[in-house]
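Enquirer: Pasting the sequence and the predicted model now:
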Amino acid sequence: MAQTADAMTAGSSTIKSDQKKWTYRGLRLTLYVYLTLGALFVMIPYFWMVSASFKNEGEIFETGINLLPRDWTLYNYRTVFDEYQITRWLLNSFLIGFILLASNLTLTVAAGYAFARLRFWGRDVLFFIYVGAMMVPIQVRLIPSFLIVKEIGWLNTYQGIASLQLIEFFGVFLVRQFMLNMPRELEDAARIDGCSWFRVMWQIIIPNSKPALAALAIFTFTAAWNNFLWPLVVINKPEIMTIQVGLSAIKGETIPWGILMAATTISAIPLAVMYVLLQALFTQGIVMSGIKG
Amino acid sequence: MASQVEDQNRRTALSSLWRYLQNDEARSGMLFVLPSLIFFFVFIFYPVAYSFYLGFHEWNPLEPTPTFIGLDNFQELLTTPDFVRTLFNTFYFVTVAVALMVVGAILSALALNQGIKAETFFRGLYYSPVVTSLVATAVIWLWILDPDLGFMNSLLAELGLPEPRWAASRTWAMPTVILTFVWREIGYFTVIYLAGLQGIPDTLKEAAKIDGAGPFQLFFYITVPLLMPTTLFVLVLGILRATQNSFAVVWVMTGGGPVGATNVMVVYLFQNAFEFFRMGYASAVSLFIFILIFGLSLVQFRLIGARTEYL
């Protein structure tokens, strides 16, 4: 009786380890199937976009899945560049992006540094206000800001587009957080040597904050590049449009898919190139902060 | 006598101000904060206050001045079927989108965290839609889901399945915009979940394995509970992003249609302000959004503290 029981447990344990092996294999297979399906889900839209941008009109109107163009043509790209001011829109977006990058970094670093490293009257109350400012959605600022910008005569100007986002208060929070973690001794030595607070910031704190600043720079530039709502409100002249507003304007005219896809491809290239070159920086920012909506 | 005391007080006040200005650290601090503080007053504080003012007025910018109408805007807000519809649509969009994003992101993060060789490649790939603008995403998906020529319906036709009219159909328009939004956002939350997963100590998993836990038990009894703080955080962030960023996708793909089927709050606000020029009413809508987002952000801000502690 005891023997049979032993035999039974022995048998079941080999079955069990066999089962384990199969579960493991099954899971590995599921894993790769999942990853591949996910990759297809991400890639197919891009692929379908780029492929359409090289198809001639006849091929676009064929039903069925033709993954690659039969006769590759640059017609769509030529049309986009000839008939729309897309080069101008790209330049506008770059310009706005760099203005906002400069203003955000300057204002954010100055404020973040003051909040993290300096003692002054009202500092904590002010920081509390800044945290509150971080939570104010763009929607509630939209109408009054539009009225202000209109009043100053800045509709359809670069200043008008840039004004609302000269600083993103969430950046102050991020930078302060980062600068808080540096040891006090860093600046003490410099202060004893008679450095001004500005020089302490410039020569000691900023060089030590590079990771946070790089993440902030990437975040600011991509946000500026992809921003849509505010530019849509303040621009209606084609020559001032950013690439996003321009693209939505092209989409508004009923034009052939091939041309629209060529325009979309062009609009996505600058950030795509940046992403390929600086990939790690893009995700680092999220992990560091993970907070901006 | 009284004037002497007053004088004295004034002098101490003046001298403390003077001493304050003499203090290099305080002066520098104020100076560094000043530019952003000015920005705060002009482009945040004043607009919010002005929105509150406009919310109680009726105003078409072609008229010289706003007319005070008390609570009429808010009353209209709560009684008009349009706004109630908008609320429902926002709720629909946000809940379905966030649910899909959370499930997609957990699964993707988990798959990426298995120590496979191509992890960097897949992670880079999964994140790439986040770098694509919402406008471009919307246009690309309109093309994929074009009822006659799009990839999706060609595929469905090959498989012999019914072909929906997607963005042009009243029932399918909402799933269309949600799918588009989710496609772009999953990568963002995947990265957050990956950080969460990497924060779970290996010792816990090892201990559970020694106790005989299989992969599924490991997932449901160790990974999921320990990811709770991340999930909570992702939920709030997801709601925030979905509520606000639905604008670009909906605006480009459907403009809120067909027949209001995809009209969400942020689009409704834009239409009332910049198409119907009802600045007062639109401001009332914006205040509603403001309170919603501000409240959620407060919750989220509390979570950041909890989350960093956990990580």
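Expert: Alright, I've got the coordinates.
Enquirer: tell me the SS of A:Met179?
Expert: helix (DSSP: H, G, I helix; E, B strand; the rest coil).
Enquirer: can you tell me which helix or strand A:Leu68 belongs to?
Expert: Assignment of secondary structure by DSSP states H and E places A:Leu68 within no helix or strand.
Enquirer: For A:Leu95, give its distance to A:Arg141.
Expert: 23 Å (C-beta to C-beta, to the nearest Å). To be clear about C-beta, it is placed using only N, CA and C from the backbone, and glycine gets the same treatment.
Enquirer: A:Thr283 now?
Expert: 29 Å.
Enquirer: now swap in B:Phe43 and tell me
Expert: In terms of C-beta to C-beta, B:Phe43 sits 7 Å off from A:Arg141.
Enquirer: shared neighbours, these two?
Expert: A:Leu164 (C-beta atoms under 8 Å, 6 or more residues apart in numbering or on different chains).
Enquirer: Which one's more surrounded, A:Leu95 and A:Arg141?
Expert: Per other C-beta atoms under 10 Å in any protein chain shown, whichever of A:Leu95 and A:Arg141 has more neighbours is A:Arg141, with 23 against 15.
Enquirer: residues contacting the closest residue to that one other than its chain neighbours?
Expert: Nearest residue to A:Arg141, sequence neighbours excluded (C-beta to C-beta, 6 or more residues apart in numbering or on different chains): B:Pro47, at 4.2 Å. Contacts for B:Pro47 (C-beta under 8 Å, 6+ apart) come out as A:Val140, A:Arg141, A:Ile143, A:Pro144, A:Ser145, A:Ile148.
Enquirer: 10 Å instead, please
Expert: A:136, A:138, A:140-148, A:164, B:41, B:54, B:286 (C-beta atoms under 10 Å, 6 or more residues apart in numbering or on different chains).
Enquirer: Among these, which pair sits farthest apart?
Expert: The span of those, defined through C-beta to C-beta, is set by B:Phe41 and B:Ser286 at 19.0 Å.
Enquirer: With neighbour numbers in mind, choose between those two.
Expert: Higher neighbour count among B:Phe41 and B:Ser286: B:Ser286, with 31 against 11, using other C-beta under 10 Å.
Enquirer: ok, for the more buried one, nearest residue in space, not its chain neighbours?
Expert: A:Val140 (4.6 Å).
Enquirer: The one you found and B:Ser51 touch, don't they?
Expert: Yes - using C-beta atoms under 10 Å, A:Val140 makes contact with B:Ser51 at a distance of 5.2 Å.
Enquirer: between these two, what contacts are shared?
Expert: Common neighbours of A:Val140 and B:Ser51 (C-beta under 10 Å, 6+ apart) are B:Ser283, B:Val285, B:Ser286, B:Leu287, B:Phe290.
Enquirer: List the buried residues in the helix or strand harbouring the last one.
Expert: It stands for B:Phe290. Following DSSP H and E, one finds B:Phe290 within helix B:279-310. Going by neighbour count (16 or more other C-beta atoms under 10 Å in any protein chain shown), the buried part of helix B:279-310 is B:279-290, B:292-293, B:296-297, B:300-301, B:303-304, B:307, B:310.
Enquirer: and of the shared contacts of A:Val140 and B:Ser51, the nearest to B:Trp166?
Expert: Among the shared contacts of A:Val140 and B:Ser51, and counting by C-beta to C-beta, the member closest to B:Trp166 is B:Val285, at 28.0 Å.
Enquirer: Reformat the shared contacts of A:Val140 and B:Ser51 as TSV; add distance to A:Ile250 and pLDDT.
Expert: Below are the shared contacts of A:Val140 and B:Ser51 laid out as TSV (distance: C-beta to C-beta, whole Å; pLDDT from 0 to 100):
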residue	distance to A:Ile250	pLDDT
B:Ser283	31	95
B:Val285	29	94
B:Ser286	29	95
B:Leu287	34	95
B:Phe290	33	94
